[in-house]
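1. any chance you can model this:
(2 chains)
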2 protein chains.
Amino acid sequence: MKIDTLIVSANELVTMDTYGGRVPLRGSKMQDIGLVENGAVAISGQEIVAFGETHDLLSELEIDGDTRIIDAKGKTVTPGLVDPHTHPVFAGTREKEFAMRIEGKSYMEIAAAGGGILNTSRLTRQMSIDRMIANGSKYLARMITHGTTTLEAKSGYGLSTESELAMLQSIKYLDQTEKLDLVPTFLGAHEIPEEYRDGRADEYVELVIEEMLPFVAKKELAKFCDVFCEAGVFDIEQTRKICLAAKKLGLGIKLHADEIKPIGGAELGVELGAVSVDHLVEVSPEGIEAIASSNTVAVLLPGTSLFLGKGKFAPARDLIDAGAVVALATDFNPGSSPTTNLPLIMSLACTAMRMTPKEVWPAVTLDAAFAVGLGERIGSITIGKQADLIIWDAPNHSIVPYFYGESLAEMVIKKGKIIWRK
Amino acid sequence: MKIDTLIVSANELVTMDTYGGRVPLRGSKMQDIGLVENGAVAISGQEIVAFGETHDLLSELEIDGDTRIIDAKGKTVTPGLVDPHTHPVFAGTREKEFAMRIEGKSYMEIAAAGGGILNTSRLTRQMSIDRMIANGSKYLARMITHGTTTLEAKSGYGLSTESELAMLQSIKYLDQTEKLDLVPTFLGAHEIPEEYRDGRADEYVELVIEEMLPFVAKKELAKFCDVFCEAGVFDIEQTRKICLAAKKLGLGIKLHADEIKPIGGAELGVELGAVSVDHLVEVSPEGIEAIASSNTVAVLLPGTSLFLGKGKFAPARDLIDAGAVVALATDFNPGSSPTTNLPLIMSLACTAMRMTPKEVWPAVTLDAAFAVGLGERIGSITIGKQADLIIWDAPNHSIVPYFYGESLAEMVIKKGKIIWRK
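-> Numbering: from 1, shown residues only, chains lettered A, B, ... in the order given. Here you go, the predicted structure:
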């Protein structure tokens, strides 16, 4: 077998391969991140074909003059990061709303001045697909510098059939043309659009089910369907209805659940076999129990709590201690989390949610891969998996969340190719 | 006059020049950041020689073929950032302590495993000056990428005459050889060293006063003297004694004050005419009043509150509303704030302390310059001031704190020269 690239002498290799790399790490096993000292990884084509201690690999493998040798002395090598909850396609930015919220302005004043999801929606509806792509591309370029190699990408600012499809088409185009992989999620039920706010939310739910979902499924524009299941947005029954229709069409389920009030979104997600339930700041003890006894991944978004200044974070410790599978995401979006820096989210998870510097690693690699349905293909340094790897300017895995707000990614490898270096 | 560099067409120029740029912005005036649309800045040698609207400058100034024109279309141009509280020279890193604290280990367990200031001190005492310089240089390189052009740099891990002097010498060397300016602060009274912990703190205070301070002053190794004035470290009387001795030798005063308990450090700082009092998480109403009616700058360190997971931040709003001069700093150090990212600190100040996206700008430029005694020379875009400027990949000033955790600095100009670009 021809070795195209061999990374050698890594101070630490963070493999996530402790249990073979094909099952998520849950509960106390999130500490078992599969460290290898003085590690090496061999790549052939787009795949990882060997890994282990450097001297073992050097003696076992046949290396010729064509093999690119990358010296990772003093560095840490990990799987590429997976950001399992983002909204990367949108029009405008909402820094005015950010300022107004700090100044104590009311929701109505903010909406009148151009804030809120509906205002992003108004601008996004007017946006061409070309412009959506150009904007998204700019933000994806930032993500790479932080070590992200795969992201989930939601629609949800269109809120009309035409505009939701345009968002999903731009996400598809970005997936095909950019160096990162995008996993598309249809989030038509992100908010009740303006034209249905006169008590016709159920009609909008019908539109999502009868018109949008069949289109999305037929054109294969999304892998998942997500709903903002929250008091005042879509209630449990509306959410169930949309998700059951989506499942019938072959889509997987993700939910925005229990962010503001514990209305049972987490339990519903588990009942529906959702691949993930996200936010969970207000999840109930029953919700935690339901998640812990399922394969549904709890995707936590501490950056959003920070940015909104709420001072309350999802109960990561309770979830992990109960045995759940936990992932972390940026929630990148213009209103409540304008960052693409996933390593910063790892830092916040440590400082604000008391996740350990070990636990945050599966949360952005293997468990995050399961949260987007790709646990078999990415998220760990496992033989046969796609060669998505990051070399960090850090002697060990703890240094990355420790140096909060720094960008320590030094080299990003995607499908075996170096796609970015500092 | 020969114009060496002309920055033109900036979407926004953030000048801080509203009141002439030679007085700090205090209280409600922190909003008056002197915005100029479609702005231009002219540099001759190391100085700013003109600024204003682009068309005005283009018609007024004589520009020849040697003038470097920098197009800042769509960008924001601000003064270089000043980080007025850092500890950039130290041995080792403390990611193990970070992990142990999250795991709920006790202070004693952490100290036994190599945590705490005294352990950094033990390692730093064994470090050569060359190694101190090499380590510091690595961190300064990170600071530049975040837009910092001047930083205050404290000693304080030596805790012996020899080792404190070595730290200050390494800081002096870094100031002379690196592209950034370092303002040296003597912090011999950072902690009571191990060998004085048998109830001999007063003897250590004597050592600081009788031996260290005279050396520091004679060799001109520091501009300021700082003391960690805190319950269990140096009390009010010890602090006053050290500071009075330092003042007699011509040093300015800075204080670590009221971080953990309100023992009156802020009031003491004002009484002593300190240039700044720093931390202030637990400052009393009397302390706030004292600061507000003085020229002492309140230097706030929200990153430290975040990193220590305390959930409590300094009362920035109360300070500003009372009329104080407020600055922000990273507190970069290996134990309680391992970040050099000052724009992230601006974001935290907005989200966790409710400072507005306008107020955070003087806090890292003009007011921060006054916090290190350089308000006359840097910190604003003012004619005659040093040409330290940042061009941000941001259409307006709010975008920088809004995109939290991103590094939007695109070009860093120091004393008229481009020293870094993305």
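
2. near chain B, which residues of chain A show up?
-> For chain A, the residues in contact with chain B (CB under 8 Å from any CB of the partner chain) are A:93-96, A:98-99, A:102-103, A:142, A:303, A:306-309, A:311, A:338-341, A:344, A:347-348, A:350-352, A:354-358, A:396, A:398-399, A:401-407. The way it works is simple: take the backbone N, C-alpha and C, and place the C-beta from them, glycine included.

3. the stretch 151-300 of chain A: helices as residue ranges?
-> Shown for the stretch 151-300 of chain A, the helices assigned by DSSP state H, counting those that start in this stretch span residues A:161-177, A:201-207, A:213-218, A:236-248, A:265-271, A:285-292.

4. which helices and strands sit right next to the shortest one?
-> If I follow you right, that is helix A:213-218. helix A:161-177, strand A:181-189, helix A:236-248 (3 or more CB pairs under 8 Å, 6 or more residues apart in numbering or on different chains; DSSP states H and E).

5. looking at those, which is buried most?
-> Greatest average neighbour count among the helices and strands packed on helix A:213-218 goes to strand A:181-189 (a mean of 27), per mean count of other CB atoms under 10 Å in any protein chain shown.

6. how about JSON lines for the helices and strands packed on helix A:213-218, with mean pLDDT and distance to residue A:415 added?
-> Formatted as JSON lines, the helices and strands packed on helix A:213-218 follow (pLDDT from 0 to 100; distance: least, CB to CB, whole Å):
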{"stretch": "helix A:161-177", "mean pLDDT": "98", "distance to residue A:415": "13"}
{"stretch": "strand A:181-189", "mean pLDDT": "98", "distance to residue A:415": "9"}
{"stretch": "helix A:236-248", "mean pLDDT": "98", "distance to residue A:415": "29"}
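
7. span of stretch A:155-168 from start to end?
-> Length of stretch A:155-168, first residue to last, CA to CA, to the nearest Å: 6 Å.

8. cool, stretch A:308-322 as well?
-> Terminal residues of stretch A:308-322 are spaced 27 Å apart (CA to CA).

9. and what of stretch A:106-123?
-> 22 Å.

10. report the distance from that stretch to the chain centre.
-> Its chain's C-alpha centre and that of stretch A:106-123 lie 26 Å apart, by CA atoms, centre = their mean, to the nearest Å.

11. could you do stretch A:198-212 as well?
-> Stretch A:198-212 sits 27 Å away from the centroid of its parent chain (CA atoms, centre = their mean).

12. please apply the same query to stretch A:222-239.
-> Remark: stretch A:222-239 is offset 18 Å from the chain centroid, using CA atoms, centre = their mean.

13. residues in contact with the lowest-mean-pLDDT helix or strand in chain A: which ones?
-> When each helix and strand of chain A is scored by mean pLDDT, DSSP states H and E, helix A:107-112 comes last, with a mean of 80. Here helix A:107-112 makes contact (CB atoms under 8 Å, 6 or more residues apart in numbering or on different chains) with A:97, A:100-101, A:116, A:118-119.

14. following element in sequence after it, please.
-> Proceeding C-terminally, helix A:107-112 gives way to helix A:117-125 as the next helix or strand, assigned by DSSP states H and E.

15. show me what contacts residue A:150?
-> A:80-83, A:180-183, A:369, A:372, A:374, A:378, A:388.

16. quick check: it is in a strand.
-> Yes. Assessed with DSSP: H, G, I helix; E, B strand; the rest coil, residue A:150 lies in a strand.

17. okay, and the beta partners of it?
-> residue A:82, residue A:181 (DSSP bridges).
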